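sequence and predicted model, in that order:
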Amino acid sequence: MAKDYYAILGLDKNASDEDIKKAYRTLAKKYHPDLNPGNKEAEQKFKEINEAYQILSDPQKKAQYDQFGDAAFNQGGFNQGDFGGFGGFGQGGFDFGGFGDIFGDIFGDMFGGSARRKTGPQKGNDIRVNLTLSFEEAAFGVEKEIEIERYEKCDRCNGTGANPGTKIEVCPECHGTGEVRITQNTPFGRIVNVRTCPRCHGEGRIVKDPCSKCHGSGKIRRLRKLKVNIPAGIDEGQMVSLRGEGEPGERGGANGDLFIVISIKPHKIFKRDGFNVLLKMPISFVDAALGAEIEVPTLDGKAIYNIPPGTQTGTVFRLRNKGIPHINGRGRGDEFVEVYIDVPKKLTEKQKELLREFDKLSNDSGGKSFFQKVKDAFGA
């Protein structure tokens, strides 16, 4: 009976290499015999999954299968040996062979091993610090000096960890690879696992005469002061990065980066809304009634604005280009001024008399007062 390797992996014929690998990882973990002891159905399913992956992961075999189906492998000498170490499954000869990387990713240290440690160059750790700015500093940008504590390459041993003039030896146990291979026999066959070398801890080298300054680590901790330019328009929670100012890399790897997270102090009168500035401003009853030329505070200083007669509490005026500069350097936001009438709490007898006269004149003009409108509404 013809086998549909795509269907076995739950895929269609348009599946990419990554789709095939992802499906195999998922199914192999689900049906692995060590996770399903004594389950013959899972054992058979596991063999089918491996067979399908062996064909579809090989570009040449996949092309033959796509053209001729599994007949391309069942005619003219196909045998289980074509599947590498999987040919002896269930007979004491099971080996992961070329599947080692995949099973290392799937099972990690399920069999007593650990995930492979990278022995090549590795980038250093990033550093993250917080910086608090005033409202104006965030709006217009500023140069700040910050202080950080970080590890740096030891200047005595140049990061090697060994005293100058001494030799660094290749680890005799892993021969410089940083890994050792462990073979385990299980009821289902032989499993080859890769572990970090216990002697050199994955470094692939051994320092017999450690540097007296860094004690063999190759790094020392130092306090550094750095200058950073904060761009105009930066907002709360945004970050400024300094490349290469983080921790030193391992085995010749690049330094990490420094990320500066911005927080902004609240302003006494302004609030920020994106690149716009909001302001609530009191005006007198007289200015609201008659209109006036008033001074409005802005981030650039005072600006003059003419309010029209009859301005009501809650009216919002717009001052263009008086907001926060855009962080890309193109233009600025606006300032929105919401006015409210400031009612005086203490009045002289003369002021009270004039207000009563004003109220009387308003009623005599034929207009109804607010309180009269309320009485009319409730039929009082």
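That came through fine. Residues are numbered from 1 along each chain as shown.

which parts of the stretch 251-380 of the chain are helices?
Per DSSP state H, counting those that start in this stretch, the stretch 251-380 of the chain carries helices over the ranges 285-290, 349-364, 370-377.

from the chain's centroid, how far away is the longest one?
So the one you mean is helix 349-364. Computed by CA atoms, centre = their mean, to the nearest Å, the chain-centroid distance of helix 349-364 equals 65 Å.

alpha carbons of that helix, as CSV, please.
Taking Å, rounded to 0.1, in the frame of the first residue of the first chain, the C-alpha atoms of helix 349-364 are listed here in CSV:
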residue,chain,number,x,y,z
GLU,A,349,-18.9,95.5,49.3
LYS,A,350,-18.4,97.7,46.3
GLN,A,351,-17.8,94.7,44.1
LYS,A,352,-20.9,92.9,45.5
GLU,A,353,-23.0,96.1,44.8
LEU,A,354,-21.7,96.3,41.2
LEU,A,355,-22.5,92.6,40.6
ARG,A,356,-26.0,93.0,42.0
GLU,A,357,-26.5,96.0,39.8
PHE,A,358,-25.2,93.9,36.8
ASP,A,359,-27.7,91.1,37.7
LYS,A,360,-30.6,93.6,37.9
LEU,A,361,-29.7,95.1,34.6
SER,A,362,-29.5,91.7,33.0
ASN,A,363,-33.0,90.8,34.3
ASP,A,364,-34.4,94.2,33.3
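
now for the helices of the stretch 251-380 of the chain, which one comes closest to Asn50?
Checking the helices of the stretch 251-380 of the chain against Asn50 by CB to CB gives helix 285-290 as the closest, at 83.5 Å. All C-beta spots, glycine's among them, are computed from the backbone N, C-alpha and C.

who are the packing partners of the closest one?
Helix 285-290 is packed against strand 335-341, with contacts defined by 3 or more CB pairs under 8 Å, 6 or more residues apart in numbering; DSSP states H and E.

what about the strand it packs on, average pLDDT?
In this model, strand 335-341 has a mean pLDDT of 96.

how far away from the center of its chain is stretch 305-312?
So, by CA atoms, centre = their mean, the centroid of stretch 305-312 is 49 Å from its chain's centroid.

which parts of that stretch are buried?
Using 16 or more other CB atoms under 10 Å as the test for burial, stretch 305-312 gives 305, 307, 311.

do stretch 222-237 as well
Using 16+ other CB under 10 Å as the test for burial, stretch 222-237 gives 228, 230, 232-234.

over to stretch 334-349?
For stretch 334-349, the neighbour count (16+ other CB under 10 Å) marks 334-337, 339, 341 as buried.

over to stretch 10-21?
For stretch 10-21, a neighbour-count test (16+ other CB under 10 Å) marks 11, 15, 19-21 as buried.

in helices, which of the residues you listed fall?
Secondary structure defined by DSSP state H assigns 19-21 of the buried residues of stretch 10-21 to helices.

re the thing from before, make JSON lines from the buried residues of stretch 10-21 and add pLDDT and distance to Ile327 to it.
JSON lines is the format used below for the buried residues of stretch 10-21 (pLDDT from 0 to 100; distance: CB to CB, whole Å):
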{"residue": "Leu11", "pLDDT": "91", "distance to Ile327": "46"}
{"residue": "Ala15", "pLDDT": "87", "distance to Ile327": "43"}
{"residue": "Asp19", "pLDDT": "88", "distance to Ile327": "40"}
{"residue": "Ile20", "pLDDT": "90", "distance to Ile327": "44"}
{"residue": "Lys21", "pLDDT": "88", "distance to Ile327": "41"}
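
so where is the protein shaky, pLDDT-wise?
1, 68, 70-120, 186-189, 364-380 (pLDDT under 70).

mind running it again at 50?
Applying pLDDT under 50 to the chain picks out residues 75-98, 100-101, 108-117, 380.

domain-wise, how is it divided?
5-107, 127-264, 270-341 (automatic domain parsing).

Glu353 is nearest to which of those?
Of the domains of the chain, nearest to Glu353 by CB to CB is domain 270-341, at 15.7 Å.

what about Lys144, helix or strand, and which?
strand 142-153 (DSSP states H and E).

other SSEs contacting that strand?
Using 3+ CB pairs under 8 Å, 6+ apart, strand 142-153 sits against strand 127-133, strand 219-230.

name the next helix or strand following that strand along the chain.
Next along the chain after strand 142-153, taking DSSP H and E as the criterion, comes strand 168-170.

ok so, going back, neighbouring strands - and their directions - for the strand holding Lys144?
Applying DSSP bridges to the sheet, strand 142-153 is found paired with strand 219-230 (antiparallel).

the strand it pairs with to strand 127-133, inter-axis angle?
Strand 219-230 and strand 127-133 are oriented at 40 degrees to each other (axes from the mean of the first three to the mean of the last three CA atoms, to 10 degrees).

next SSE after strand 219-230?
Counting by DSSP H and E, the next helix or strand C-terminal to strand 219-230 is strand 239-242.

elements contacting that following strand?
strand 219-230, strand 258-264.

if we can go back for a sec, in JSON lines, list the buried residues of stretch 334-349 along with distance to Tyr5.
Output for the buried residues of stretch 334-349, formatted as JSON lines (distance: CB to CB, whole Å):
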{"residue": "Asp334", "distance to Tyr5": "64"}
{"residue": "Glu335", "distance to Tyr5": "67"}
{"residue": "Phe336", "distance to Tyr5": "65"}
{"residue": "Val337", "distance to Tyr5": "71"}
{"residue": "Val339", "distance to Tyr5": "75"}
{"residue": "Ile341", "distance to Tyr5": "80"}
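
tell me which two of these sit farthest apart.
It's Asp334 and Ile341 that sit farthest apart of those, by CB to CB, at 23.4 Å.

any idea how far Gln64 is from Gln54?
Separation of Gln64 from Gln54 (CB to CB, to the nearest Å): 13 Å.
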